[in-house]
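[1] let's see this in three dimensions:
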Amino acid sequence: TFSANIKINQKILNKSIFFFNENFKKKKYNSVGIHLRGTDQKITPGHHLPPTIYDIIFFIDKKIKENPNTKFFLVTEEIKYFDTLKKKYGDLICTYPSFRANKISDFNNSSRNNHRNKLGLESLLEGLTLSYCNEIIFCKSNIPFFSFFISTKNIKKTLINHGINSSNPSYAYIKWYITVLPISYLKYIIYKLLK
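    Numbers count the residues shown, from 1 in each chain. Down below sits the predicted model:
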């Protein structure tokens with residue numbers, strides 16, 4: 001079994017537990033994790049298409065309306081998503097200071113020391129912390145799947161499913177932008193008008 005053969009470093013576990021306790025348990029917040037992929041997942045052939053920022057805003061507003069004592073743990077590698085949600089929701093959004101970028105190339109060209117190792121550590125911390133949440137809003141991706149796998153609690157799963165990208169690289173590069181994004185934005189505008 002996983003637990004019998006793989007041990008996560010105790011310092012990493014302690015860091016994730018401390019983070020969760022400080023941000024959620026102390027004030028008894030309802031904890032909702034959000035895994036919002038951006039960058040390369042929008043254009044990778046054959047990959048599950050990710051949510052849009054409009055999808056996530058809709059779900060955050062819905063969760064706050066259902067339970068005003070809700071706080072969100074955000075996992076995203078895209079700076080624009082992070083900035084938008086932090087500006088809109090302030091302290092209701094908590095996150096690690098993980099590496100983020102808007103360009104895919106920045107992940108390969110970063111000059112920080114031990115960049116690849118740090119990316120792995122950041123992903124592990126985020127996956128662990130997601131596993132403590134009451135609910136996770138996600139699209140099909142390895143980090144939320146890992147969180148469900150290791151969690152000791154019955155996490156509510158809210159899947160945002162936009163289907164799978166084309167296997168044709170040329171069409172895959174634009175499919176999310178011309179099919180998913182416009183429809184999501186239109187739904188968001190309608191939602192705002194009816195709010």
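
[2] what are the boundaries of the helices in the chain?
    2-5, 10-20, 53-66, 79-89, 105-109, 115-130, 142-150, 169-175, 181-194 (DSSP state H).

[3] of all these, which lies closest to residue 31?
    Proximity to residue 31, assessed across the helices of the chain by CB to CB, is greatest for helix 10-20 (7.4 Å). In short, each C-beta sits where N, CA and C put it, glycine included.

[4] so that closest one versus helix 115-130, what angle?
    Interaxial angle of helix 10-20 relative to helix 115-130 (axes from the mean of the first three to the mean of the last three CA atoms, to 10 degrees): 50 degrees.

[5] can you give me the buried ones in helix 10-20?
    Residues 15-16, 19-20 are the ones in helix 10-20 that count as buried (16 or more other CB atoms under 10 Å).

[6] one more: stretch 145-158?
    146-147, 151, 155.

[7] for the most centrally placed residue in the chain, which non-adjacent residue is spatially closest?
    In the chain, the C-alpha nearest the mean C-alpha coordinate belongs to residue 35, at 1.5 Å (CA atoms, centre = their mean). Excluding its sequence neighbours, the residue lying closest to residue 35 (CB to CB, 6 or more residues apart in numbering) is residue 138, at 4.2 Å.

[8] residues contacting the closest residue to residue 122 other than its chain neighbours?
    Excluding the flanking residues, the one nearest residue 122 by CB to CB, 6+ apart is residue 98, at 4.0 Å. Residue 98 sits next to 75, 77, 122, 125-126 when contact means CB atoms under 8 Å, 6 or more residues apart in numbering.

[9] measure residue 98 to residue 82 for me?
    The spacing between residue 98 and residue 82, counted by CB to CB, to the nearest Å, is 9 Å.

[10] roughly how far does the nearest residue to residue 84 once chain neighbours are set aside sit from residue 118?
    The spatially closest residue to residue 84, leaving aside those adjacent along the chain, is residue 53, at 5.8 Å (CB to CB, 6+ apart). Counting by CB to CB, the separation of residue 53 from residue 118 is 25 Å.
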